[in-house]
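Novice: Predicted model follows, preceded by the sequence.
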Amino acid sequence: MALEKLRAELQEILPEKGITELNEFQLKIIDAIKSGKNILAEGHEGSGKTTAIYLSVLQKITEASEGSPRAIIVCASDQKAYELHERLEKICRILDLTVDLAHDRGNMLQQRNDIFDGTEIIVGTARRLYDLYIQNGYNVSKLKMFILDDALDIFKNGHKMQISRITESFPKCQYILLSHSFKDRRVEEYLDEFVPITKLIEAQ
């Protein structure tokens, strides 16, 4: 399916970045995010979850704004955070948006300074985002979207505490969790406490 459900700027930019079609699963995710609902998106590797998420962020965060980030994306590993940041940055640069990377292998002071300079989107790992947060490295007063990419892996890696502690201070925002499965006690406990009403979207 074509890109007509996305805003005009993205329709122009994405074909140059190799994205000309969206599958049915991705369109369902994007439609649900537009509705403002909290979402669980369950699909196998290669189903298009991550692409749908970063397109949804770019669809919702339309202009630069001074102050706190409006979208935070948590990845299960440094490598995944780096790859997603790289994909987002190529488009954000064209849209005059800032996306910052906060991963465990980077210099935390430099990451903190970059975020302090102003950012719309942060992509990072649970541990580093938590460490930055407790050191007042960013505030969440304007947050619109909180996204866990590969949510089950994040919780299996032992990061439930970090995610919960950050989430406790959030204003009202949209929660989006992507995973190949949500059948895990730690994920279910997190959902019960912080994300009580969700829409489940499954890849066919």
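Specialist: Received, thanks. Residues are numbered from 1 along each chain as shown.

Novice: how about the strands in this structure?
Specialist: For the chain, the strands defined by DSSP state E occupy 39-42, 71-75, 99-102, 121-125, 145-148, 174-179, 199-202.

Novice: Let's see the pLDDT reported for the spatially closest residue to residue 2 that is not a sequence neighbour.
Specialist: Leaving aside its sequence neighbours, residue 2 sits nearest to residue 21 (Cβ to Cβ, 6 or more residues apart in numbering; 6.6 Å). All C-beta atoms are positioned from the backbone trio N, CA, C, and that covers glycine. Looking at residue 21, its pLDDT reads 88.

Novice: What of residue 1?
Specialist: According to the prediction, residue 1 has pLDDT 59.

Novice: Work out which residue lies at the spatial centre of this structure.
Specialist: Centroid-nearest residue in the chain, with Cα atoms, centre = their mean: residue 73, separated by 2.8 Å.

Novice: Pretty sure that residue sits against residue 56.
Specialist: No. At 10.5 Å, residue 73 does not count as touching residue 56 under the criterion of Cβ atoms under 8 Å.

Novice: buried set for the longest helix seen in the chain?
Specialist: In the chain, taking DSSP state H as the definition, the longest helix is helix 78-95. Under the neighbour-count criterion of 16 or more other Cβ atoms under 10 Å, helix 78-95 has 78, 80-82, 84-85, 87-89, 91-92, 95 buried.

Novice: rewinding a little: export the strands of the chain to CSV and tack on mean pLDDT and distance to residue 108?
Specialist: What follows is the strands of the chain, written out as CSV (pLDDT from 0 to 100; distance: least, Cβ to Cβ, whole Å):
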stretch, mean pLDDT, distance to residue 108
strand 39-42, 93, 30
strand 71-75, 97, 16
strand 99-102, 95, 8
strand 121-125, 97, 11
strand 145-148, 96, 21
strand 174-179, 94, 26
strand 199-202, 88, 35
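
Novice: okay if I get those strands as TSV plus distance to residue 191?
Specialist: Below are these laid out as TSV (distance: least, Cβ to Cβ, whole Å):
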stretch	distance to residue 191
strand 39-42	8
strand 71-75	15
strand 99-102	24
strand 121-125	21
strand 145-148	11
strand 174-179	8
strand 199-202	11
